[in-house]
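A.B. asks: Have a look; sequence and predicted model below, questions after that.
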Amino acid sequence: MKRPIRVLVAKPGLDGHDRGAKVIARAFKDAGMEVIYTGLRQTPEQIVEAAIQEDVDVIALSILSGAHNTLFPRIMNLLHDMEAEDIMVIAGGIIPDEDIPFLKSVGIKEIFTPGTPTSKAVEYIMGNVKVQ
Amino acid sequence: MNQNESINNIKHNKQKWMKDCLDKVKEKYPERKEKFMTSSGVEIKNIYTPDNIADLDYLNDIGFPGQYPFTRGVQPTMYRGRFWTMRQYAGFGTAEESNARYKYLLSQGQTGLSVAFDLPTQIGYDSDHPMAEGEIGKVGVAVDSLLDMEVLFDGIPLDKVSTSMTINAPAAVLLAMYIVLAERQGISLDKLEGTIQNDILKEYIARGTYIFPIEPSLRITTDIFEYCSKYIPKWNTISISGYHIREAGATAVQEVAFTLANGIEYVNAALKAGLNIDDFAPRLSFFFSAHNDLLEEVAKFRAARRMWARIMKERFNAKDPKSMMLRFHTQTGGSTLTAQQPDNNIIRVALQALAAVLGGTQSLHTNSRDEALALPSEDSVKIALRTQQIIAYESGVCDTPDPLAGSYYVEYLTNQIEEKALQYIKKIDELGGAACAIKSGFIQKEIQDSAYRYQKEIEKGERIIVGLNKFKTEEKYHGNLLKVDHKVEKMQREKLKKLKSERDNEKVNRRLSELKEAACSKENIMPQIIDAVRAYATLGEICDVLRSTFGEYKENIIF
């Protein structure tokens, strides 16, 4: 039997609006994934450390504060330094369309902007993460 | 015919109408849905008639505007006297940029200021703190010291505007800056009008910008109550906020219930600190959200007013009618706005603003159409402000107080919301009050369940959001979006560095150790914070002193 997909839902930066993060965490759980939610105010270092320690397949970042262009590349750099680039990173929140190409260029696989149904993120993970 | 006979007669005729008329039509033309529900899960009947509110006692339950239990509003004339304060929440980038936006809004007829601070400021970090990286000036203006406040209010006479500041954990520090600023402008403190949000409990529940644990936070809150009741009599010392609770996913009923439960906790904390109820209660104010279910929202505001009046009179034995008045600011529902077809948000905001006005709000912020995409642009803010002005000057709904009173449906819903919210308050009392209910995660869990249910309803198409899950198009938004320049971060850090090298650092250190002493004692810490601010101690330095005394709150993670 296949093991369940493990996902870390994380909120980088200082923004405290966690409604979206918690809704998506529950949607992942309902879809049969194992979910770890880090809570608020996580530094890129804390997020990457938790992801490696928890041996997750996916990091799902949620951000609404506008600090994504600073914090996301730092997370990707840290994953690179830790040789943990096999962990897939996706993100959601208030992220302007014009920032998406840059964020994808640093290695974020997919960005889900406001109004996306949770099922889209679930399907994306199911379709792109292979577990033994 | 006496009243009972008349009610029975109505009931009888209603049943007859249902059987002879309604059911036949429904057989041929079924209704759109099996069941109609408000957002709070109150089932909506086919029709409301006097028998649905037969128990309502007009004089006790509704009364007259400006009189207990204030169901119809807090002033006898309401908007016949003057309109609500039109107060757009604004702030971004540097103090200079925000100052320019305030002057623009005032020139367009806005009647009060509302300051948005950036996240580092809200969490008590200076712009040079490592956690502040990427966040400076993004969701509000960066304020590191009195120097930034001086620029923020440059050319704005503090005795001519009322100012609301959305600041909670470091509320005492920002209030202190405002006080020193008033001194410098030569304005006596009894002339200052405005509101400091200062509502820490909802930060643990919904908004996340807390610093200290619950008990010391409540002590700071009550220190502010006490200081203001002595020196700034016209200042609203707190804005007990349901807005963020609603935005986190709560229903209308939960919004009222959890907000008033927090209110009860603040009153208890102040009484425990030895304050007299009628000294501080008249300066408590509230902040609610307005969502799309127009009539339920109106009922919510009416129910909240009546409930608070009864709580203050019956539970706390307040004597001054002003202690019983629930005065509130409203913001339209940010979370109801869509990134898809953003112009639709203009209409949503208009309906929500109408609900707030029909519900008797004292002050209103209308959201801008582009807020699901970015901070509002100047164009969008103008439309949002014009929406309020059109309701005020053109709609006619302001010409008599509480115009929906007596609507069988609205009165029934008002009763339902009160009843359901009181059940929650009872449950919270049983848990030991709001602070205990937060620690146990009860309130957070209830809100998250509602948020998840709401999202599922949208995804299943049970709840229609125009442009999102029905009437969809693939168009892109062509308006201009506001972008905060990266340079702000660098400029702000340089300004801070300069300040630290130019001020009298010995004096700053002396003030900070005096503050430490006051924080360790039981005395009011406001005077020491004001002295520290006057010496240009920074927000981060002051909060660090308090962090080292009080510790930091650790989130109880529930999802």
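C.D. replies: Nice, thanks for sending it over.
A.B. asks: low-confidence ranges in the stretch 351-500 of chain B?
C.D. replies: Within the stretch 351-500 of chain B, no stretch falls below the threshold (pLDDT under 70).
A.B. asks: Give the burial count for the nearest residue to A:L103 once chain neighbours are set aside, as a bare number.
C.D. replies: If the residues on either side of it in the chain are set aside, A:L103 comes closest to A:F72, at 5.6 Å by C-beta to C-beta, 6 or more residues apart in numbering or on different chains. Backbone N, C-alpha and C define where each C-beta goes, glycine included. The number of residues packed near A:F72 is 26, by other C-beta atoms under 10 Å in any protein chain shown.
A.B. asks: Go ahead and list the helix or strand containing A:F72.
C.D. replies: Taking DSSP states H and E as the definition, A:F72 sits inside helix A:68-81.
A.B. asks: Could you give me the buried positions within that helix?
C.D. replies: Across helix A:68-81, burial judged by 16 or more other C-beta atoms under 10 Å in any protein chain shown covers A:68, A:70-76, A:78-79.
A.B. asks: Next up, the contacts around B:K382.
C.D. replies: The contact partners of B:K382, by C-beta atoms under 8 Å, 6 or more residues apart in numbering or on different chains, come to B:Q108.
A.B. asks: so which strand or helix has it?
C.D. replies: helix B:378-394.
A.B. asks: now swap in B:R510 and tell me
C.D. replies: With DSSP H and E as criterion, B:R510 is part of helix B:505-520.
A.B. asks: How about the residues of the stretch 51-200 of chain B by chain A?
C.D. replies: The stretch 51-200 of chain B has residues B:119-120, B:122-123, B:125, B:130-135, B:138-139 near chain A, with proximity defined as C-beta under 8 Å from any C-beta of the partner chain.
A.B. asks: Check the residue in chain A that chain B sits nearest to and give its pLDDT.
C.D. replies: Distances between chain A and chain B by C-beta to the nearest C-beta are smallest at A:G16, namely 1.8 Å. Note for A:G16: predicted pLDDT of 93.
A.B. asks: Give me the three-state assignment for the most centrally placed residue in chain A.
C.D. replies: Centroid-nearest residue in chain A, with C-alpha atoms, centre = their mean: A:A60, separated by 1.4 Å. For A:A60, the assignment made with DSSP: H, G, I helix; E, B strand; the rest coil gives strand.
A.B. asks: Can you name the helix or strand that B:K202 falls in?
C.D. replies: helix B:201-202.
A.B. asks: Spatially nearest residue to B:F328 (excluding sequence neighbours)?
C.D. replies: In space, B:F328 is closest to B:F286, 3.9 Å off (C-beta to C-beta, 6+ apart).
A.B. asks: what's the neighbour count on that neighbour?
C.D. replies: B:F286: 28 neighbours (other C-beta under 10 Å).
A.B. asks: Touching, it and B:I240? I think so.
C.D. replies: Yes: the pair B:F286 / B:I240 is scored as a contact, 5.1 Å apart, by C-beta atoms under 8 Å.
A.B. asks: Find residues that contact each of the two.
C.D. replies: B:259, B:263.
A.B. asks: Kindly report the residues of chain A close to chain B.
C.D. replies: Counting by C-beta under 8 Å from any C-beta, the residues of chain A near chain B are A:9, A:13-19, A:21-23, A:25-27, A:35, A:37, A:39-41, A:43, A:65-71, A:94, A:96-97, A:113-115, A:117-119.
A.B. asks: Go through those residues and flag which are in helices.
C.D. replies: A:19, A:21-23, A:25-27, A:68-71, A:118-119 (DSSP state H).
A.B. asks: In the residues you listed, find the pair that's most separated.
C.D. replies: A:T70 and A:S119 (30.2 Å; C-beta to C-beta).
A.B. asks: quick one: the strands in chain A?
C.D. replies: A:6-10, A:34-37, A:58-63, A:88-93, A:110-112 (DSSP state E).
A.B. asks: Can you name every helix or strand that the second one contacts?
C.D. replies: Same thing as strand A:34-37. strand A:6-10, helix A:19-30 (3 or more C-beta pairs under 8 Å, 6 or more residues apart in numbering or on different chains; DSSP states H and E).
A.B. asks: switch to 10 Å and redo it
C.D. replies: When contacts are defined as 3 or more C-beta pairs under 10 Å, 6 or more residues apart in numbering or on different chains; DSSP states H and E, strand A:34-37 sits against strand A:6-10, helix A:19-30, helix A:44-53, strand A:58-63.
A.B. asks: Just send those back as CSV, with distance to B:A257 and mean pLDDT too.
C.D. replies: Below are these laid out as CSV (distance: least, C-beta to C-beta, whole Å; pLDDT from 0 to 100):
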stretch, distance to B:A257, mean pLDDT
strand A:6-10, 28, 98
helix A:19-30, 18, 96
helix A:44-53, 35, 97
strand A:58-63, 27, 97
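A.B. asks: and of the ones you listed, who's closest to B:L385?
C.D. replies: Among the helices and strands packed on strand A:34-37, helix A:19-30 sits nearest to B:L385 (C-beta to C-beta), with 27.0 Å.
A.B. asks: what about chain A, any weak spots by pLDDT?
C.D. replies: A:1, A:132.
A.B. asks: can you count the residues close to the residue lying closest to A:G32 once chain neighbours are set aside?
C.D. replies: Leaving out its chain neighbours, the residue that sits closest to A:G32 by C-beta to C-beta, 6+ apart is A:P4, at 5.7 Å. By the criterion of other C-beta under 10 Å, A:P4 has 15 neighbours.
A.B. asks: got the contact list for A:P4?
C.D. replies: Contact analysis of A:P4 by C-beta atoms under 10 Å, 6 or more residues apart in numbering or on different chains lists A:28-29, A:31-35, A:57, A:131.
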